[in-house]
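Trainee: Pasting the sequence and the predicted coordinates here, then a few questions.
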Amino acid sequence: ISCISPPHAPGLVTLALHSAETFSSIPFLYLNVQFVIALQPSLGPTKGQTPISVIGSLYNPGSRYACVFTSQKGLGSIASDASYQQVLALAESSTLVVCLSPAHQAQAVFMYLTGAETVTQGDSMFAFYDAEIFWFLPTLAKEQGGTRISIQGGIFRETPSLQCKFSETLVSATWISFSLLVCRSPAMSLGSKEVFVTMNGYDFISAPYQLATFKDPILLTCALIDFTESSASVAVVGRFFSEFLFCKVGEYVSTLSEFVSSSAVLCRVPASALGTAANASLHLSGNAIDFSDGCPLVPNASDANQSTQHRALLGLQAEEATSTLPSASEGFKRLVTDVLEYERLQQAPRPLTGLDLRFDLINPFTGTDSNLLCEASSAALMLAIPPIALHLRLANVRAIDPLSQAEAPLVRVVHEQTITSEPLHLSSQTAISALTSDINHGKVCVIALLPDGTRMKHCRVVKVLRISKIILDGTKCTFTRPLAP
């Protein structure tokens, strides 16, 4: 509910809301003087340059103001403070004045707003801090996010704007002490990511090194292939394995005993860690903190039936089980052979059948793939210099492996045909533009022929947005062009 206040003499009144069944009220203050309500943010680094919003009322837009920083309480005491600092401020609206904090030693000071007219205000405080990050752990985080990151440094302040940033992604942070923060990593792509902390939402403190991400290993089967009174070897088959994994059984954690491939590893664990065979399970982790789901241990991996299970899990043709039971070492060798054969088949050239066709529609202003086509419908846009030609450019026609979602190597399109439906039009330069039509959706289809004669077709729906403004709103189709004089 919103309403416009009527004219009234300065003073405190009651603002009431009355409905059929309820009656509620709050105090409402009429002012005839410039008045400071709050500072946002109320803290910043000692290096300065933090934009401070002085929120208030009855400011004169365009007028010159000054933000005064002093250790003395009260505007009348500034003259006695030889170290006070004053910076230029500008009224951006009747309720907002903005200034940049100066460089200052780590200290909480009073901040006052001065101008040509008297500004009514309380004793607002602004805190200058000097903070840094010493280290963070772990240095590896799961690609899908959720890793608990502990950040050691100082001096950290507990504020509503306390956040961590991983590259460009912000997440909330939990304040533990002046020297310790904790945050959860967001979902990120594989690679190295910069780590930051902010206490005011504007200024960011960078970590001295970067965070790396890893794919969470997927465990398909785990089997005991060698067991003695003191220890046991566990063969693990799955996906996304690396040489730097950690094995965990119960509370026991160790590094890998042997890395075979990205689909097979060997863990060595003490027999005491196994507990009872009925409930023993193994977990893998890329950082010794975030462990995979448990994989139940199969007591006898050397059984021929178990080898058949490995083959089935790996997508290979299952062989008929034999009654001969090989030794434990032979069982692991068989397992390794299965895995390597599986990977060999994965890397071998595949027939072109089963691929998916994909293509991009590039927005010329952003250079990114888009399903949104902006059509200039106003005369002002049509007269812009240079003229605005809005279109989507067809590019990167490719064949995709539906399993890995990667572009199929060594596959090229021999011939392609592009067709469009109303209200779309295709030019000879493979540019998709909009026709004059009341229909606001169209379809772009590409028919492609591969070298082996495989014919594929893929279509995308394109939404047409009619534009009547020079500067468009939002994250889509944003552009600015000067008009003709």
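Mentor: Received it, and whenever you're ready, just let me know what you need. This is a predicted model, so every value here is computed, not measured.
Trainee: Is S272 in a helix, a strand, or coil?
Mentor: helix (DSSP: H, G, I helix; E, B strand; the rest coil).
Trainee: roughly how far apart are it and L100?
Mentor: 63 Å (Cβ to Cβ, to the nearest Å). For the C-beta atoms, the positions are set from N, CA and C on the backbone; glycine is no exception.
Trainee: The two: who's more crowded?
Mentor: Taking neighbours as other Cβ atoms under 10 Å, S272 and L100 compare with L100 leading, 14 against 11.
Trainee: Remind me which helix or strand the closest residue to the more buried one other than its chain neighbours belongs to.
Mentor: Taking Cβ to Cβ, 6 or more residues apart in numbering as the measure, L100 lies nearest to Q49, with 5.4 Å between them; neighbours along the chain are not counted. Following DSSP states H and E, one finds Q49 outside all helices and strands.
Trainee: number of nearby residues for Q49?
Mentor: 12.
Trainee: And for the one 4 residues further on?
Mentor: By the criterion of other Cβ under 10 Å, S53 has 15 neighbours.
Trainee: any idea how far the nearest residue to it once chain neighbours are set aside lies from L100?
Mentor: With sequence-adjacent residues excluded and distances taken as Cβ to Cβ, 6+ apart, S53 is closest to Q40, at 4.6 Å. Relative to L100, Q40 is positioned 14 Å away (Cβ to Cβ).
Trainee: Regarding the chain, what is its longest strand?
Mentor: For the chain, the strand with the greatest residue count under DSSP state E is strand 455-467.
Trainee: From the contact counts, what lies against that one?
Mentor: The contact analysis (3 or more Cβ pairs under 8 Å, 6 or more residues apart in numbering; DSSP states H and E) places strand 455-467 against strand 356-362, strand 372-376, strand 441-449.
Trainee: cutoff 6 Å now
Mentor: In terms of contacts (3 or more Cβ pairs under 6 Å, 6 or more residues apart in numbering; DSSP states H and E), strand 455-467 is packed against strand 372-376, strand 441-449.
Trainee: can you put those in CSV and add mean pLDDT, distance to V171 and mean neighbour count?
Mentor: As requested, the helices and strands packed on strand 455-467 are arranged in CSV below (pLDDT from 0 to 100; distance: least, Cβ to Cβ, whole Å; neighbours: other Cβ atoms under 10 Å):
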stretch, mean pLDDT, distance to V171, mean neighbour count
strand 372-376, 72, 29, 20
strand 441-449, 87, 37, 17
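Trainee: if we can go back for a sec, tell me the angle of the longest strand of the chain relative to strand 356-362?
Mentor: For strand 455-467 against strand 356-362, the angle by axes from the mean of the first three to the mean of the last three Cα atoms, to 10 degrees is 30 degrees.
Trainee: From T454, how far off is the closest residue to S262 other than its chain neighbours?
Mentor: What sits nearest to S262 in space, not counting adjacent residues and going by Cβ to Cβ, 6+ apart, is F241, at 5.0 Å. As defined by Cβ to Cβ, F241 lies at a distance of 34 Å from T454.
Trainee: Among those two, which residue is more densely surrounded?
Mentor: F241 (24 against 17).
Trainee: partners of the helix or strand encompassing W175, with directions?
Mentor: Take DSSP H and E as the rule and W175 turns out to sit in strand 169-177. If you go by DSSP bridges, strand 169-177 pairs up with strand 163-166 (antiparallel), strand 180-184 (antiparallel).
Trainee: what comes into contact with that strand?
Mentor: Residues from elsewhere that reach strand 169-177 (Cβ atoms under 6 Å, 6 or more residues apart in numbering): 158, 162-164, 181-183, 186.
Trainee: Can you add distance to S172 and give the residues you listed back as JSON lines?
Mentor: Putting the contacts of strand 169-177 into JSON lines (distance: Cβ to Cβ, whole Å) gives the following:
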{"residue": "E158", "distance to S172": "12"}
{"residue": "L162", "distance to S172": "8"}
{"residue": "Q163", "distance to S172": "6"}
{"residue": "C164", "distance to S172": "8"}
{"residue": "L181", "distance to S172": "10"}
{"residue": "V182", "distance to S172": "10"}
{"residue": "C183", "distance to S172": "7"}
{"residue": "P186", "distance to S172": "11"}
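Trainee: and which of those residues is nearest to S80?
Mentor: Closest approach between the contacts of strand 169-177 and S80, by Cβ to Cβ: E158, at 32.8 Å.
Trainee: Kindly tell me how buried A173 is, as a neighbour count.
Mentor: A173 has 23 nearby residues by other Cβ under 10 Å.
Trainee: How about S262?
Mentor: The number of residues near S262, taken as other Cβ under 10 Å, comes to 17.
Trainee: Test my guess that it contacts R239.
Mentor: No. Under the criterion of Cβ atoms under 6 Å, S262 makes no contact with R239, lying 7.2 Å away.
Trainee: Can you tell me the centre-most residue of the chain?
Mentor: T169 (4.3 Å; Cα atoms, centre = their mean).
Trainee: Okay, and the beta partners of that one?
Mentor: F166.
Trainee: now T14
Mentor: Under the criterion used (DSSP bridges), T14 bridges to P27.
Trainee: can you put the helices and strands packed on strand 455-467 in CSV and add distance to T213?
Mentor: Formatted as CSV, the helices and strands packed on strand 455-467 follow (distance: least, Cβ to Cβ, whole Å):
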stretch, distance to T213
strand 372-376, 31
strand 441-449, 34
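Trainee: which stretch among these comes nearest D226?
Mentor: Once the helices and strands packed on strand 455-467 are compared by Cβ to Cβ, strand 441-449 is nearest, at 52.3 Å.
Trainee: number of nearby residues for W135?
Mentor: Using other Cβ under 10 Å, W135 has 12 neighbouring residues.
Trainee: What's the separation between the nearest residue to it once chain neighbours are set aside and S172?
Mentor: Closest residue in space to W135, ignoring its immediate chain neighbours: Q152 at 5.3 Å, by Cβ to Cβ, 6+ apart. Q152 sits at a distance of 18 Å from S172 (criterion: Cβ to Cβ).
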